[in-house]
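Asks: A predicted structure for the sequence below; I have some questions about it.
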Amino acid sequence: MTPVLVLSAVLFATGMFGVLTRRNAITLLVSVEIMMNAGNLNLVAFSRLYQPELMTGQVFAIMGIGIAASEAAVGLALILTIYRRYGSTDVDRVRLLRE
Amino acid sequence: MDLGGRHRGALALALVVFLAVRGQAEVSLHTIWLQVGGLQVPFSLRADGLQAVMAVVVAAVAFLVHLFSVGYMHGDRDVVVYFAELSLFTGAMLLLVLADNFFLLYVAWELVGASSYLLISYYYERPAAASAGKKAFLTTRIGDVGLLVGLFAIVWQTGSLEYRAAFATVESPGFSGAWATVIPLLIFAGAVGKSAQFPLHVWLPDAMEGPTPVSALIHAATMVAAGVYLVARTFPIFAAAPAALDVVAYLGAFTALMAATIAVTQRDIKRVLAYSTISQLGFMMAALGAGAPAVGIFHLFTHAWFKALLFLAAGSVIHATGRQLVEELGGLARRMPVTAWAFVAGALALGGVPPFAGFWSKEEILARLADTHPVLLVALLLASFLTALYIFRLVFLVFFGPEPEGAAKMAAAGHGTGGEPVRESGLVMTIPLGLLALGAVVAGFFGAGFLGQPLQGFLKLGETGETTQGAPLWLTVLAIAVALGGVALAWGLFGRRAPGADADAVLRARAPGTYRVVAEGYRLDAFYHAVLIGPYLVVSRFFARALDEAGIDWVPNALARLAPWLGGRFRRLQTGEVRDYLTAMIVGAVLVAAFVLGAR
Amino acid sequence: MGGGQAVLFVVMGVAAAVSALYAVLTRQLLRSIMALGAFLTAVAVEFYVLSADFVSLVQIFVYVGGVVVLMLFALMLSASGERHPMAGADRAGLGAVLAYLVGGVLAVTALRADLPEPGAFPEQTVSYLGRALLAEQLFAFELMGVILLAALVTALVVVRKERQ
């Protein structure tokens, strides 16, 4: 199982890099999804290691997928609204919380 | 219009109590108020002879002053406050004289001081009035500290706050030594403050800034009498220490003489009366110090009537003319006959002319001093002469003689207070004057020698040394001569003068330098200011500026400056940039995870 | 794992990593989303390799079929593909450091951990999962239903045009 864990670590790091770096809102969301998937991989892997007969990891992976999907939906809805308001999806443009 | 309703009630009650006590009964009330450690603090009232008489005096004068004030203070902006403060004072004073233990006495003592302050500063928007109130309070405070320490000593030595316990301890054979003298002296300190004896007398002339009825009530008849009452009430404690009694007598006589000299030079009617009060209180103290408290109280009794009368009459004048300086007045007997004759009655009583009240009580004092302190007798005879002089100076300058220049025109044009022509005051003011004048005539007979001194007997105060029955003939004659001599000199100096002339010129010409010093109260105020107040203010300012403002205040001020500064720095965190917030979130999450996992 | 499975695992692993990297780095939004799609598919295969077949299917249905399409729609409606601004180069350094630091720590931990031998999932994954969802994990299941509902309503409300 160790290679799986290493893989998920790498993927997680990649996703995090994207979150910290990208300016476009949608790409930001993409990066977040990458991170979440890495997490799901971890869940399933560990589920094989500890009490696999319960399949708890798989259950939570499924939950995670569902939640990620709904989060993506809401996030995109917000992005659209912001686009309508500001004419841009550039995250740096939205500065309402300044000071 | 409240015609003194409350005070009428108080007076009625006081009279009832008085009559009850006349029948040799003593009315009293006693419960335990507090218990602190081993000390019981009682709430107890008593009306024996002395206290019943005091209660009647206080209630009667308060009632008349209240009535008078209805007219005097009419239309004033803060009238409601005035009457409230007046009632507070009266209540406190009654509590003082009816208290049966030292604790209650002290509470009432302080209350009286506080309400006196309120009343003196009644015209608080005038700086002079405000500072007069402060001066009165602070000066009497000095005496109050002495009284408080004396009370501590009493509790320490006797273990109780009741009068009886203290008297019993003092009269017991084993009690002697330093405390026996120190305690009465401490109590006397309180009396010196409240009764305006030297050197704490400086507040009383300034206290004339208050409304005149207040002066009549507080600074003539009641509050200043509290000191005399205190010494009389605690007389057994004094009796056990002859040295203390001597101090009282000498100080009293000195004050009497000193104040009388100052009174001759004053130009303000009320200040003359103020110094007169100081002087007369000195007479009372002298009597007490000579070992005859009943005589002192007798004089307090008569003095209350005629001094209140004099003040209220002066108030009538001030109310009608809007002036109180001697050079601006004259010939008022024509326009205000009732006031004028009431004042004259009071003057005759004060001057000690028989058969008016003051003569009888003063004679008793002089008789007593002839036996015990002949030196002081001389001093008081001199003071009596001056008393007659200064009071009849007022009579002649204010009520007789020519009117001031242009007065007739001004009067006709309406230059009295409120734009009315100068005329006699209304009934609400003149009726109290009449009643007090009656008192000034009659009060003396209550304790007169030839009538067997019924008042003194009633007081049951006891005396030290031998009891004197009446005065020797030569003394009586001498006293009358002194009084009439004073009147005559006053007539000679002030009786006839040209309009607009300075009546005091004759006296002033004799010794210009001395006259000025005397007129300024022997520069005692200036002395206090230079020696006590000035340095104190310097120290005070040092503490205020260097220590307080720069030092202690620096801390909260610095904190107050710190907050915005810190806030300013933190403000830069709020960039509004989404990515910054994301970064922060991630960093935070990583830290938390590390912490949690690392803790394992 | 058998040899074939191991090869598949490695290939898909590389594919996933590469497409994730591409998705994160490319300037063009459309390509980013497409790379995401590839990434998600690779991960789905990984799930299959790990014997979590149902999860794999769900991944494809929901993620690849749903989320990616959603993003494409959003891309279309916001027309942000054209003048797509540069990725935040200003943060690249810090981001890289942080990200790979974290990743490194995770990887190292995984490598040094003393892991037990992997077990085997039960044969009938679907029926077992179904029973688990409705029995032991019922609470979580219900909660997820609520979340989905909330997300649905939120999205609808947020997107509504404001009334003038």
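Replies: The structure has been received and is ready for your questions. On a predicted model such as this, the values are computed, not experimentally measured, just so you know.
Asks: does the helix ranked longest in chain A reach chain B?
Replies: When every helix of chain A is counted residue by residue (DSSP state H), the longest turns out to be helix A:56-86. No - applying C-beta under 8 Å from any C-beta of the partner chain, one finds helix A:56-86 separated from chain B by no less than 10.3 Å. To be clear about C-beta, it is placed using only N, CA and C from the backbone, and glycine gets the same treatment.
Asks: buried residues, that helix. List them.
Replies: Under the neighbour-count criterion of 16 or more other C-beta atoms under 10 Å in any protein chain shown, helix A:56-86 has A:56-80, A:82-83 buried.
Asks: so what's the residue in chain B positioned nearest to chain C up against?
Replies: Sorted by distance to chain C under C-beta to the nearest C-beta, the residues of chain B start with B:Val590, at 5.8 Å. B:Val590 makes contacts with C:Leu98, C:Val102, as judged by C-beta atoms under 8 Å, 6 or more residues apart in numbering or on different chains.
Asks: tell me where the stretch 401-550 of chain B has strands.
Replies: For the stretch 401-550 of chain B, strands defined by DSSP state E, counting those that start in this stretch do not occur.
Asks: can you map out the helices along it?
Replies: Secondary structure of the stretch 401-550 of chain B by DSSP state H, counting those that start in this stretch: the helices cover B:407-413, B:427-442, B:454-459, B:473-490, B:505-510, B:512-519, B:524-528, B:534-542.
Asks: columns distance to chain A on top of the ones you listed, output as JSON lines?
Replies: As requested, the helices of the stretch 401-550 of chain B are arranged in JSON lines below (distance: least, C-beta to the nearest C-beta, whole Å):
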{"stretch": "helix B:407-413", "distance to chain A": "73"}
{"stretch": "helix B:427-442", "distance to chain A": "72"}
{"stretch": "helix B:454-459", "distance to chain A": "84"}
{"stretch": "helix B:473-490", "distance to chain A": "86"}
{"stretch": "helix B:505-510", "distance to chain A": "79"}
{"stretch": "helix B:512-519", "distance to chain A": "72"}
{"stretch": "helix B:524-528", "distance to chain A": "61"}
{"stretch": "helix B:534-542", "distance to chain A": "45"}
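Asks: tell me the helix or strand right after the helix or strand that contains B:Leu105.
Replies: Per DSSP states H and E, B:Leu105 falls inside helix B:102-120. Moving toward the C-terminus from helix B:102-120, the next helix or strand (DSSP H and E) is helix B:127-158.
Asks: elements contacting that next one?
Replies: Applying 3 or more C-beta pairs under 8 Å, 6 or more residues apart in numbering or on different chains; DSSP states H and E, one finds that helix B:127-158 contacts helix B:102-120, helix B:163-171, helix B:178-194, helix B:203-206.
Asks: ok, now which ones touch the nearest residue to B:Gly210 once chain neighbours are set aside?
Replies: Leaving aside its chain neighbours, B:Gly210 sits nearest to B:Ile120 (4.2 Å; criterion: C-beta to C-beta, 6 or more residues apart in numbering or on different chains). Applying C-beta under 8 Å, 6+ apart to B:Ile120 gives the contacts B:Ala129, B:Ala132, B:Gly133, B:Ala136, B:Ala207, B:Glu209, B:Gly210, B:Val214.
Asks: contact partners for the second one?
Replies: Meaning B:Ala132. Contacts of B:Ala132 (C-beta under 8 Å, 6+ apart): B:Ile120, B:Ser121, B:Trp203, B:Asp206, B:Ala207, B:Met208, B:Glu209, B:Gly210.
Asks: same question, the fourth one
Replies: Listed by C-beta under 8 Å, 6+ apart, the contact set of B:Ala136 reads B:Ser116, B:Tyr117, B:Ile120, B:Trp203, B:Leu204, B:Asp206, B:Ala207.
Asks: any idea of the pLDDT on the closest residue to it other than its chain neighbours?
Replies: Leaving aside its sequence neighbours, B:Ala136 sits nearest to B:Trp203 (C-beta to C-beta, 6+ apart; 4.1 Å). pLDDT recorded at B:Trp203 is 91.
Asks: ok, B:Trp203 touching B:Thr140?
Replies: Yes - applying C-beta atoms under 8 Å, one finds B:Trp203 in contact with B:Thr140, separated by 6.7 Å.
Asks: who has more neighbours, the two?
Replies: A count of neighbours by other C-beta atoms under 10 Å in any protein chain shown puts B:Thr140 above the other of B:Trp203 and B:Thr140, at 29 against 24.
Asks: how far away is that one from C:Gly130?
Replies: 96 Å (C-beta to C-beta, to the nearest Å).
Asks: likewise for B:Glu577?
Replies: Taking C-beta to C-beta, one finds B:Glu577 at 46 Å from C:Gly130.
Asks: more neighbours: the two, which one.
Replies: Taking other C-beta under 10 Å, B:Glu577 and C:Gly130 do not tie; B:Glu577 has more neighbours (17 against 12).
Asks: the more buried one - nearest residue in space that isn't next to it in sequence?
Replies: Closest residue to B:Glu577 apart from its sequence neighbours, by C-beta to C-beta, 6+ apart: A:Asp92 at 6.2 Å.
Asks: element containing the closest residue to B:Ala221 other than its chain neighbours?
Replies: Ranked by C-beta to C-beta, 6+ apart and with sequence neighbours excluded, the top spatial neighbour of B:Ala221 is B:Ala304, at 3.9 Å. Take DSSP H and E as the rule and B:Ala304 turns out to sit in helix B:293-321.
Asks: next secondary structure after that helix?
Replies: For helix B:293-321, the succeeding helix or strand toward the C-terminus, using DSSP H and E, is helix B:332-335.
Asks: any idea how far B:Val264 is from the residue most central in space within chain B?
Replies: Nearest residue to the geometric centre of chain B (C-alpha atoms, centre = their mean): B:Val224, 3.4 Å. The gap separating B:Val224 from B:Val264 is 21 Å, by C-beta to C-beta.
Asks: just B:Gly75 next, same as before
Replies: Taken as C-beta to C-beta, the span from B:Gly75 to B:Val264 is 36 Å.
Asks: neighbour-wise, which of the two wins?
Replies: Using other C-beta under 10 Å as the criterion, B:Gly75 and B:Val264 rank with B:Val264 on top: 21 against 7.
Asks: right, and the more buried one touches B:Leu389 too?
Replies: Yes - B:Val264 is in contact with B:Leu389 according to C-beta under 8 Å; the separation is 6.0 Å.
Asks: can you tell me the SS state at B:Phe43?
Replies: What DSSP: H, G, I helix; E, B strand; the rest coil gives for B:Phe43 is strand.
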